[in-house]
Every structure is written in C-alpha cells, then in structure tokens.
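*Asks:* Sequence first, predicted model second:
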Amino acid sequence: MRIQFAFRSLWCVLALASSVHASHGSFPVSSGVYRIPMIDGTTVTVGNDHHDHEPVNRIDMSAGSGTPVVAAASGWIRAIVDFHGNSPNPGDGLAADGVTPQDDSLEHSCQDGKPAVANSVVAGLCQQHNNYVWIEHPNGEWTKYTHFGTGTVTELGWAVGDWVNVGETLGEEGDVGRASGPHLHWEVGLPDDPTDPTPFDTLGGFLNGSNVVGQICDIPDNLFVSGEDYTANPCVHEPPIADAGGPYVVDEGSNLVLDGSGSSDPEGLPLTYLWSPPNGLDDPSIAQPTFSTVDDAVVALTLSVWDTTEALGDSDDTTVTVLNVPPTVSAEAEAIDEAGTTTLTATVFDPGTLDTHTAVVDWGDGTFEDVSVDELASGISHVYGDDGSYAVAVTVTDDDGGVGVDDVFVEVSNLAPALQLDTSGAVSFPGGDYLVTDPGVAIPLFAQGNDDGSDDLTFSWSTGDVSTYFNDGVGPDPFPSPFGTFPFAAADVIDAVYDNVGVETLSLVLTDDDGGADGAAAGVIVVGTADRAESSGWWKHQYSGRGKPGIDLALSDAYLDIVDAVSSVFSEDTALGGASDAHAVLSPFGGDKRATAKADLLVAWLAFASGAVSWDATITVGGADQMAFLDLMFAAEATILDTNATQAELLEVSQLLAKVR
C-alpha cells in the first residue's frame, strides 16, 4: 500500500520560506538535511550550484564516469528510467517519439540549442532521453538523480516501489540525456499534489511542483558552492530515539490516538515520523495518528523516526490490544391471539464490523430456535397455542465469544370458545321456535364447542348438567399450554327433563379454562296431559274466578304462559297477562267478528297447551279436507292481525278454529 504524507513539521514550513545563508542570498531550502549522493570516500566536484544551474535551485556534481551514485536520504523509489533506444535488447527500442528507431550511442552527452530545439542527434529533445531515478522521502520531499549510465540502476535489481536506505547505491554516474559530459544532476522538489504517486512528466521526468535547495550535512553552511570539492560520507551526528508509547488497549469500533511524541533527537533536530503497517491509521506520517479499529486483535506497530538529515533513524515497537465488544440486540415482537403467529424481529449492532454472528431465540415456551442475523432482521415466526405473557430472549454471539441479549414479551390473548347448540328439533310457532315436550319426557340435546386455542372446555347446562373435556385427554390443562391440541373441539349430549307444565328456557354456557365463554339458549314448551279439548265455556269458567275451577290456578296460569309464547297475537296484539285478561278475551260481545275470532284462537291454543291437541296434529276442516294444526294457527293469526280482513274472513277463521276442539 502506498503511503502519502502531508507536510506537517516545522522544517517543512521553513522549506517553503526564503532563507538567507551568508553571501548566498535568499531562496527556499529543503526541510531535510541530505548526505552527498556519491559513494563514501568519493571526492565530488560541484560544477553548478543552485545559483549557476539553469534552471536554478538544482545541482550538477561529478566524481567521474561510473562512480556509484547513492541515495541522499531513505525513501521509496517512485521512478526508474535507465534504458532508451535499442537497449536492453538490440533492435527493439524506439526514440522518445515512440516511432523512430533509436541507438543508445546517440544519447550520450546530447546537447540541444539554447533555447532548447530539436537536433539531428536524437529524435526529439535531448532531455527526453534522460536516465533518472525519483525518490519520495517520508518528510514529503522528493529527490531526483539524473544521467545514470544505461542499465546501471535496473542491473542492481531496483524496482519502482522499493524502499532504499540512505547511502545505498542506486546506479552509476553517466552522461545519458541532455548532459555536457559525465555528471550527476541532483535536485530536491515539492510536488504540487502530495498525493500524486507520479508527480513528474513521463518524458524527461520533470517535476510537477517546485524545487528547493537541498541542504547538505557536514559542509559549510550546508550548501554546495560551484567549483568546490567535497568528500562524500555519511552525516556525522547522533541518531534519534524512537518512542512509540503504549502498549495500548482500545475497544473494537473505537478510535485510539497513538502517541509517538516521546521520540527525541539528542541534537534537538526535528523528526520525521512513520508508523507501520499503516492499516487503520489516518496519517502514519505524524507523531500522534488516530488508529481506527474494526475487529478485536493484538496489532503490532512500529514507529520509525528520522532526523532532518534523513540519514539516521530509530524505531520502536508497540502493540495495540483491541478488545472485543459484544453485540447489542434490540428485539420486537407482535402481540397476538392464542393459536396465532407472532413475528419477531431483532436488529444487531456490533462495532466489530468484521465479526460474524450466531443467534438463538428462546421463545419462552420451552423451545429454542437457531437463526441467522439476517433472519432476525427480516422477521421469524412462532405460534402459541395458549394465552399468556411469554418472555422471549434473543441471544446473539459473535465469533469472539461476545454475547448480546435482549428480552421481549409476547402477549398472547385468550379467545373465547364458540358454542353451537343443536335446536334442529325445535318447532316453529307464530310466536317463535320452541322445543316441545311432555312433563317427565326427556329431550335429547347435543352441543358442539370449539376453541381456537389449546384450552379445556366445560359445558354448563341450565338443567344442572356440567361436563369438562380436557385438551390433553387427562387434564386439567396447565397454564399456559402453548403446545396442546389446537384448535380444540368437544361435543356434549344430555337429556333435558322438565316435570312441570309451562315455558322453560334451556341455557348452556361453554367456558374455556382461561375464563372465555360463549352461550346459547332455547325455549322449551312443556304441554299438559289433558285427554280432551275443552269448550270455550269451560275455559271461560276456568278464568272467571268464580265457582270451582276444573284445574288448579298454577296449571291454568302455565297454560296462559304457553299461549303467550307460541302466539303472535297474545300478548303482542292482545294482552294475556293472567286470568282476567283470558276471561276478557273469552267474552266477546256486540257481534265483533275479530273479537270472536280471538276468543276461538285462544281456545285452540289452550287445547294445545293442555296437551289435548298435539302441535303436529291434523285437523279435519270439512268433509275429507284436512289441515295441519300449525298451518291452521299461522293462517288464523295472520287473518286476525290483518286490519283489512273482512267480516266474512274473520267468520271463516272462527269456523275453522272451532274444528280444533
């Protein structure tokens, strides 16, 4: 990974300002202090210093053709050009124009005119045939070494991207390119864009930036002077001391500021910093970079520091222990009715973005389910057969053993059971539907109960019969019982027996074991046991309140209750609340045909109530003509209630009703 550096040190600021050096005047100087870029012990003659070179702020020096050229400071090799024309393989090279065949012999000490114009020696300009190396230094400055002998850099095994230490041989002094003879052209520059990995032209290698005057260690005023000789050697001073700080501890997902500010230089020189590896660091070239964490680990880091000569350095190792942080779980679940399906969703957050996770759901009913985090996010379903408040726990474990748990309650509501009472044997009368029986004669009854949940069901009859049916067949049903049989159904059969004549209400309540209930009811007519139909006069005397009645008062009142139930005339149209009302109905006067018809209707209903005429009897209405008793009663009541009925129609009703008795 390529590391980019920002210019942050004090020396960088100084480099961008004009500096005054004795008689040299004012000009920009480098932040770094460099060694003479020739092999140790070599006598180097400066032909052009930063004043004399065209353009200025660059240096020409020589020690003789073939002299090893070394790195003036440590850094990364960013460009190597040491072949043109037909090298390294004869016949396969082209000139700078990419078209013209070019021979290497033409590139030595090639000179253009001033100003530079193309000549016949090479295709294009001589500087387009320069051999050179660019080195990027940790302090943000770049140095260039030009006019190497052909192939002398690559034959040493150097490649772009390599780190080269100060004093290591780069290649040999030569005169390839725009040169007036063998020499080393050396310059220090600051790119316009410090993030550009190749801030120079492809042809000639000219910097896209500005040049500064390189400061050289152990020579007067740290500056080269034209015509002077210098001996190349390493810079003489004490190396810096690196202090990486730590060891450090931080939670994954958090940021940590490393502290290399304890590093120092014995001579007080400013330092250049480099942390490695740079992964997770916002800027590995500063003393206090921020380290960002994404997963637990023990990370080994090395801090390297150099003094401003870029020649001497030191390093210190430290570690960052990144602690695992358990995931955070947030769960939600829907409230449902028993036998329903809830949907559970959960979001999982883990600051360790590289962690993987497993999850398990405790549904609170004794069952557990292994799920994925993706399934939790999209929602998972579960069915509960019984009502209750179920504590559901979602447990998520990361690959480092960190555990996150969230609890949520699933509220399951009870549903009342549904009851169906079989009243298919009921008889339809004008006044409603009723089961009909005699005193002491059983009525077989059947009821069906259904419950969506897994509840026990209890049938409670108004007759006093009570039956419980257990969901598991044994009972009683525990609470809650989410795994019972659901939906649950049960049926109950009884014989209802009534000893007294009259109107009864048969009721049934179905309850589940959680208090849910449903009910049903049916009317029951218990008719008397009379063996003959009495006349209108007999019944009139019965309800007159005078003399000795033919039946006891309770029974006669019971008959009236039956009539009131089965008729739509009594008491909806005509009152029949007791004996006096009955006597009034049975005593029509003035030739009122409707009143007479009502009296005959009451006598016919009393015949039924007393048991003298069955509800399913057939009445002979004339000659061989017959009519069902209930058909006759429905027709008679319809006519009586018809306000438009004629006197003749009402008379006919009276005549037909007389046939009942």
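*Replies:* Yep, it's here.
*Asks:* For the stretch 251-400 of the chain, which segments are assigned as strands?
*Replies:* 255-257, 271-276, 290-292, 297-307, 313-323, 328-333, 336-337, 340-349, 357-362, 368-371, 380-384, 388-398 (DSSP state E, counting those that start in this stretch).
*Asks:* Using CSV, write out every CA atom in the fourth one.
*Replies:* Presented in CSV, the C-alpha positions along strand 297-307 are these (Å, rounded to 0.1, in the frame of the first residue of the first chain):
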residue,chain,number,x,y,z
ALA,A,297,-6.8,-8.3,17.7
VAL,A,298,-3.4,-7.6,19.0
VAL,A,299,-1.8,-5.3,16.4
ALA,A,300,2.0,-4.9,16.3
LEU,A,301,3.1,-1.4,15.3
THR,A,302,6.5,0.0,14.6
LEU,A,303,7.3,3.7,14.8
SER,A,304,10.3,4.8,12.8
VAL,A,305,11.8,8.3,13.2
TRP,A,306,14.4,10.1,11.3
ASP,A,307,16.2,13.3,12.0
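*Asks:* Note down every partner strand of that strand and its orientation.
*Replies:* The strands beside strand 297-307 in its sheet (DSSP bridges) come out as strand 271-276 (antiparallel), strand 313-323 (antiparallel).
*Asks:* and what of the first one?
*Replies:* Strand 255-257 has the following sheet partners, assigned by DSSP bridges: strand 290-292 (antiparallel).
*Asks:* Same question for the last one.
*Replies:* Sheet neighbours of strand 388-398, with direction, are listed as strand 357-362 (antiparallel), strand 403-413 (antiparallel) (DSSP bridges).
*Asks:* same thing with the shortest one?
*Replies:* Neighbouring strands of strand 336-337 in its sheet, by DSSP bridges, are strand 403-413 (parallel).
*Asks:* List the buried residues for the partner strand?
*Replies:* 404, 406, 408, 410, 412 (16 or more other C-beta atoms under 10 Å). (C-beta placed from N, C-alpha, C; glycine too.)
*Asks:* just stretch 646-658 next, same as before
*Replies:* Buried, per 16+ other C-beta under 10 Å, within stretch 646-658: 650, 652-654, 656-657.
*Asks:* Sort out which of these are in helices and list them.
*Replies:* 650, 652-654, 656-657 (DSSP state H).
*Asks:* what is the mean pLDDT for stretch 196-211?
*Replies:* Averaged across stretch 196-211, the pLDDT comes to 89.
*Asks:* Now do the strands in the stretch 401-550 of the chain.
*Replies:* 403-413, 418-421, 427-429, 432-437, 443-451, 457-461, 466-469, 488-496, 502-512, 517-526.
*Asks:* Dump these to CSV, plus mean pLDDT and distance to residue 239.
*Replies:* Formatted as CSV, the strands of the stretch 401-550 of the chain follow (pLDDT from 0 to 100; distance: least, C-beta to C-beta, whole Å):
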stretch, mean pLDDT, distance to residue 239
strand 403-413, 97, 49
strand 418-421, 98, 92
strand 427-429, 98, 116
strand 432-437, 98, 113
strand 443-451, 98, 88
strand 457-461, 98, 92
strand 466-469, 97, 94
strand 488-496, 97, 88
strand 502-512, 98, 88
strand 517-526, 98, 93
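*Asks:* Just send the ones you listed back as a markdown table, with distance to residue 196 too.
*Replies:* Below are those laid out as a markdown table (distance: least, C-beta to C-beta, whole Å):
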| stretch | distance to residue 196 |
| --- | --- |
| strand 403-413 | 45 |
| strand 418-421 | 80 |
| strand 427-429 | 101 |
| strand 432-437 | 98 |
| strand 443-451 | 78 |
| strand 457-461 | 83 |
| strand 466-469 | 86 |
| strand 488-496 | 78 |
| strand 502-512 | 79 |
| strand 517-526 | 83 |
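*Asks:* out of these, which comes closest to residue 604?
*Replies:* strand 427-429 (12.5 Å; C-beta to C-beta).
*Asks:* Name the residues of that closest one that are buried.
*Replies:* Buried-residue list, strand 427-429, by 16+ other C-beta under 10 Å: residue 429.
*Asks:* Which strands border that strand, and is each parallel or antiparallel?
*Replies:* Here, using DSSP bridges, strand 427-429 pairs with strand 432-437 (antiparallel).
*Asks:* Touching the strand it pairs with from outside, list them.
*Replies:* Applying C-beta atoms under 8 Å, 6 or more residues apart in numbering, the contact partners of strand 432-437 are 423, 425-427, 443, 498, 503, 506, 522-527, 565-566, 615.
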